[in-house]
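Asks: Attaching a predicted model along with its sequence, questions to come.
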Amino acid sequence: MPGVTQDDDAPPLADLMPWSVAPPRLGRGWPAAPDAASLTARWAALVAAEGPARATLFQPTRSRTLHSAVGRLPGGRGGSERLARAAGPCPEPVRVLRAPFDEQWLIPDHRLIDAARPELWRVADARQVFLVETAAPAGPQVLATSLLPLFATARVRPLYRRPGAAEPNLAPGLTDLLAARLGGRPAPLDVLAWILTAARTGAAGSPVVPLTADRALWDRGVALGRRALWLMRRDGERPKLPGGRRPYVRAPLPARPLTPAYDRDEEALYLDTGRISPVPPGAWEFEAGGARVLEQWFAARTAGAEPGTLAALGPAGWPQTRTSELLELITVLALLAEVRAEAAELTVTDQVTAADLRAAGVLPVPAPARRPASVLDDREEGPEGQLALL
């Protein structure tokens, strides 16, 4: 969330959360979809095909072919025999973040993914929070999600280096210094919440995070970041607009809407002949990753696919569940726009600078903090069912 307005000598995010991983890279689009049923249909079509037809459907790359020897994903997800011989049911799809605020489904099979980043899968659980850099000039500099993020971006920074919310991915000594300056030790989620509020683009083009020793300001920033985190993760009670306002479908959506349009005066979103309102301007104008979120979300569900490909297998019309997801997304973006506006009014006082962190020995970050922790408590299966040597 772009917020705190002063960033003189603000420490880089890369130093505050030193362990980062490049985002997973699918290499082919068909293993992900807005609905799980499409994925099971695509998998069934793949394993029903034989020989060259299966290879064509799979869409091989230099990293993955039907004959690639690949182990299971951490957690035992997917198969390990070569795809040329694969049969049986589709691995159960899992929820992922395909683009900013775009929750979709993925077939969790290492054989289908060019670069799965197993180190992220090993630490993904119900308590994990992934901080994702957007690398965009407009909108939030960082996003937070409990889902595995799959969209192309700068880096993914897990809040915890081990499963079960163990070993925070924070610069060693950072919370000790903040505790001394703030008069109380912040929890790892508090630090993450402050980052969501305060992160901004630094002079080098990468995110920096102004820190403060002003306890009142810190508490205000953390409260805003906690609210943003709740909205981004969408866990627990469903968000609602204030004053009893709630987006409704005022005119039925067509079976295959093609073009979204917005009327600011009416606060209405038109999907061809369909109409949804109220849609606050903040929701329609909300950008992340260099694009309007609602337009990008809509395009992902209406873009055509080449006939005969696995990506072309999808719902015949516009499912009701999709409308429900759209209405909730409108609410989330509208509320996040309000949080961003409040965060933009904050100005740092009593700044904790990068020089302060160096003087306290927090910086430079020791090299082991930038590498993944050893989390291999479970044995992982390698190619063809062999035990992986790790």
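Replies: All right, it came through fine.
Asks: The residue lying closest to Arg264 once chain neighbours are set aside: neighbouring residues, count only.
Replies: Nearest residue to Arg264, sequence neighbours excluded (Cβ to Cβ, 6 or more residues apart in numbering): Pro281, at 5.6 Å. In short, each C-beta sits where N, CA and C put it, glycine included. Residues lying near Pro281 (other Cβ atoms under 10 Å) number 13.
Asks: do Asp9 as well
Replies: 15.
Asks: Can we start the residue count at 113 from this point?
Replies: Got it, the first residue is 113 from now on, which makes the last one we talked about Asp121.
Asks: That one is in contact with Ala467, isn't it?
Replies: Yes: look at Asp121 against Ala467 with Cβ atoms under 8 Å: they come within range, at 5.8 Å.
Asks: what's the offset of stretch 281-294 from the middle of its chain?
Replies: Centroid separation for stretch 281-294 versus its chain: 26 Å, with Cα atoms, centre = their mean, to the nearest Å.
Asks: Show residues contacting it.
Replies: If you take Cβ atoms under 8 Å, 6 or more residues apart in numbering as the criterion, stretch 281-294 is touched by 127-131, 269-273, 280, 297-298, 300, 303, 323, 325, 327, 330, 462, 464, 468-469, 472-475, 477-478, 481.
Asks: Show me where the stretch 213-362 of the chain has its helices.
Replies: 230-235, 286-294, 300-310, 327-345 (DSSP state H, counting those that start in this stretch).
Asks: what's the answer for the stretch 363-502 of the chain, then?
Replies: Using DSSP H, counting those that start in this stretch, helices in the stretch 363-502 of the chain cover 393-397, 405-414, 432-455, 466-471.
Asks: Those helices: which one's closest to Ala310?
Replies: Using Cβ to Cβ as the measure, helix 432-455 is the one of the helices of the stretch 363-502 of the chain that comes nearest Ala310, at 7.7 Å.
Asks: and that closest one, what other elements does it pack with?
Replies: Applying 3 or more Cβ pairs under 8 Å, 6 or more residues apart in numbering; DSSP states H and E, we find helix 432-455 packed against helix 327-345, strand 360-363, strand 386-389, helix 393-397, helix 405-414.
Asks: any idea of the angle it forms with helix 300-310?
Replies: 80 degrees (axes from the mean of the first three to the mean of the last three Cα atoms, to 10 degrees).
Asks: In PDB, list the C-alpha atoms belonging to helix 432-455.
Replies: The C-alpha trace of helix 432-455 is given here as PDB (Å, rounded to 0.1, in the frame of the first residue of the first chain):
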ATOM      1  CA  GLN A 432     -23.100 -18.200 -11.000                       C
ATOM      2  CA  THR A 433     -20.000 -18.700  -8.800                       C
ATOM      3  CA  ARG A 434     -18.100 -16.400 -11.000                       C
ATOM      4  CA  THR A 435     -20.600 -13.600 -10.400                       C
ATOM      5  CA  SER A 436     -20.400 -14.200  -6.700                       C
ATOM      6  CA  GLU A 437     -16.600 -13.900  -6.900                       C
ATOM      7  CA  LEU A 438     -16.900 -10.700  -8.900                       C
ATOM      8  CA  LEU A 439     -19.200  -9.100  -6.400                       C
ATOM      9  CA  GLU A 440     -16.800  -9.900  -3.500                       C
ATOM     10  CA  LEU A 441     -13.800  -8.600  -5.400                       C
ATOM     11  CA  ILE A 442     -15.600  -5.300  -6.000                       C
ATOM     12  CA  THR A 443     -16.200  -5.000  -2.300                       C
ATOM     13  CA  VAL A 444     -12.600  -5.900  -1.500                       C
ATOM     14  CA  LEU A 445     -11.100  -3.400  -3.900                       C
ATOM     15  CA  ALA A 446     -13.400  -0.600  -2.700                       C
ATOM     16  CA  LEU A 447     -12.400  -1.100   0.900                       C
ATOM     17  CA  LEU A 448      -8.700  -1.400   0.000                       C
ATOM     18  CA  ALA A 449      -9.000   1.900  -1.900                       C
ATOM     19  CA  GLU A 450     -10.100   3.500   1.400                       C
ATOM     20  CA  VAL A 451      -7.200   1.900   3.300                       C
ATOM     21  CA  ARG A 452      -4.800   3.200   0.700                       C
ATOM     22  CA  ALA A 453      -6.200   6.700   1.000                       C
ATOM     23  CA  GLU A 454      -5.700   6.700   4.800                       C
ATOM     24  CA  ALA A 455      -2.200   5.300   4.400                       C
END
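Asks: Now find how far off-centre it is within its chain.
Replies: Computed by Cα atoms, centre = their mean, the chain-centroid distance of helix 432-455 equals 16 Å.
Asks: And it, what's buried?
Replies: Going by neighbour count (16 or more other Cβ atoms under 10 Å), the buried part of helix 432-455 is 434-435, 437-439, 441-452, 454-455.
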